[in-house]
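Novice: Show me the folded form of this:
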Amino acid sequence: MIRGNKAYIWQTQDWPAWRFDLAALAGPLAEVRHAQGLLLGRLAHVGMGLREQASLDNLTADVVKTSEIEGELLNVASVRSSIARRLGVDIGALAPVDRHVEGVVDMVLDATARCDNPLTTLRLFGWHAALFPTGFSGLSPIGVGAWRDDASGPMQVVSGAYGHPRVHFQAPPAPGLEAEMQRFLAWANSGSGEPPLIKAALAHLWFVTVHPFDDGNGRIARAIGDLFLARADGTPQRFYSLSAQIQRERSAYYAILERTQKGGMDVTAWLAWFLATLHRAVDQAHASLDKVLTSSRFWQHWAMTPMNERQVKLLNKLLDGFEGKLTSQKWATLAKCSPDTALRDINDLLAQGVLRKMEGGGRSTAYEVNALPT
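Specialist: Got it, this is the predicted structure:
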């Protein structure tokens, strides 16, 4: 039962006639499109291998972070291996992959690699079945590959301690879901006239508001958003991760979603938040590309220098943005070797000029990658 006098957005008389102030959004739209253009322009001037690496990194982040938003932690190495195998990208030894990881990867890759294909009921059911291969969400059985039936009560988004839940949102009742989803899919597959990025934001909001499944609605909503973003970019390759940015701003994401779902049909505020978050995701991708290019230049420079597996592993950690200071003790721990072996590895790289001692080391000497000649 819905309490209080304030209606949810789907109860408004003109649902789902979305309204927004396009003039107010013109600036943010232009800015994010400019940032996307700069990113794609940079990538056009690097080799195929680096583009594949950037796409692999961002798809991995998308899969891991869209699950993390829902409180589910996936093994990064397993996700990366699953995506690399499907894309034919060589990353060396592949990590074991479980069927749950495979399911999330299936959904994200289907949404992006086949972004031009229509969005259909059967396709959404396939994504849902891929997310829940056992037919259970945790310990609870759920209807898989089917719209929810509300047999256990209305679909609600809640938080709080057991016995004292706070209802953030209640979705439309199950009997009307078929009509709701047919209306959504007709709009999704039509030339409805909105700017492409606005359509991506509306698709995300519309789907997560209808909340048609027993579970997995947030992950599928973000996959739908990614599908429309891939269409907007004109490429199925993903070079930024909106899900990763949403995870960084998870509290703000849920707050704006709740305000929007309890408001009227003017969703300008949601669209402004979506565009700003997307802009930050693209900015983050620029920073990630800087690291990829720096790493590529580093390994090209030192290609003829003999190194063992431990040295390569630890150097890659430094290039990826190692947190804190790398000492010989940390080297031994990360490389799973003795302190004497760690010190020999480090001294060898110091002698070659690959590493240098950091200034102001204090009680423990720390090391960093030596600057390459310009």
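Novice: Show me where this structure has its strands.
Specialist: Here the chain has its strands, by DSSP state E, at 136-137, 140-141, 156-159, 166-170, 326-327, 355-357, 366-369.
Novice: CSV please, covering these and showing distance to Thr209.
Specialist: Every residue, glycine included, has its C-beta placed from N, CA and C. Compiled in CSV, the strands of the chain are given as follows (distance: least, CB to CB, whole Å):
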stretch, distance to Thr209
strand 136-137, 20
strand 140-141, 23
strand 156-159, 10
strand 166-170, 8
strand 326-327, 47
strand 355-357, 53
strand 366-369, 48
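Novice: want to try CSV for the ones you listed, with mean pLDDT, distance to Thr66 and mean neighbour count as columns?
Specialist: As requested, the strands of the chain are exported to CSV (pLDDT from 0 to 100; distance: least, CB to CB, whole Å; neighbours: other CB atoms under 10 Å):
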stretch, mean pLDDT, distance to Thr66, mean neighbour count
strand 136-137, 92, 16, 14
strand 140-141, 92, 21, 10
strand 156-159, 90, 17, 13
strand 166-170, 93, 19, 16
strand 326-327, 93, 31, 20
strand 355-357, 95, 37, 16
strand 366-369, 94, 32, 18
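Novice: what's the closest of those to Val292?
Specialist: Smallest distance to Val292 across the strands of the chain (CB to CB): 14.9 Å, for strand 366-369.
Novice: what's the helix ranked longest in the chain packed up against?
Specialist: Using DSSP state H to define each element, the chain has its longest helix at helix 268-301. Helix 268-301 sits against helix 22-44, helix 48-68, helix 196-210, helix 242-248, helix 250-261, helix 309-319, with contacts defined as 3 or more CB pairs under 8 Å, 6 or more residues apart in numbering; DSSP states H and E.
Novice: Turn these into TSV, columns for distance to Leu122.
Specialist: Listed next are the helices and strands packed on helix 268-301 as TSV, based on distance: least, CB to CB, whole Å:
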stretch	distance to Leu122
helix 22-44	31
helix 48-68	22
helix 196-210	16
helix 242-248	24
helix 250-261	27
helix 309-319	42
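Novice: Export those helices as CSV, with columns for mean neighbour count, distance to Leu278 and mean pLDDT.
Specialist: Below are the helices and strands packed on helix 268-301 laid out as CSV (neighbours: other CB atoms under 10 Å; distance: least, CB to CB, whole Å; pLDDT from 0 to 100):
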stretch, mean neighbour count, distance to Leu278, mean pLDDT
helix 22-44, 15, 5, 95
helix 48-68, 21, 13, 91
helix 196-210, 23, 7, 98
helix 242-248, 22, 6, 97
helix 250-261, 16, 12, 97
helix 309-319, 16, 27, 93
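Novice: Relative to Ala272, which of the ones you listed is closest?
Specialist: So among the helices and strands packed on helix 268-301, helix 22-44 is nearest, using CB to CB, at 6.2 Å.
Novice: Could you give the number of residues near the nearest residue to Asn217 once chain neighbours are set aside?
Specialist: Distances taken as CB to CB, 6 or more residues apart in numbering put His211 closest to Asn217, at 4.8 Å, once the chain neighbours are dropped. By other CB atoms under 10 Å, 24 other residues sit near His211.
Novice: thought His211 was touching Pro154?
Specialist: No. Between His211 and Pro154 there is no contact under CB atoms under 8 Å: 10.2 Å.
Novice: what do these two both touch?
Specialist: Jointly contacting His211 and Pro154 under the rule CB atoms under 8 Å, 6 or more residues apart in numbering are Ala171.
Novice: Point out where the stretch 51-200 of the chain drops to low pLDDT.
Specialist: 93 (pLDDT under 70).
Novice: Tell me where it has helices.
Specialist: Remark: helices assigned in the stretch 51-200 of the chain by DSSP state H, counting those that start in this stretch are 76-87, 99-113, 121-131, 177-188, 196-210.
Novice: what packs against the second one?
Specialist: Helix 99-113 makes packing contacts with helix 48-68, helix 76-87, helix 121-131, helix 217-233 when contacts are defined by 3+ CB pairs under 8 Å, 6+ apart.
Novice: Using CSV, lay out those together with distance to Leu38.
Specialist: Formatted as CSV, the helices and strands packed on helix 99-113 follow (distance: least, CB to CB, whole Å):
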stretch, distance to Leu38
helix 48-68, 14
helix 76-87, 24
helix 121-131, 32
helix 217-233, 13
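Novice: quick one, which of these is nearest to Glu323?
Specialist: That would be helix 76-87 among the helices and strands packed on helix 99-113, by CB to CB, at 15.4 Å.
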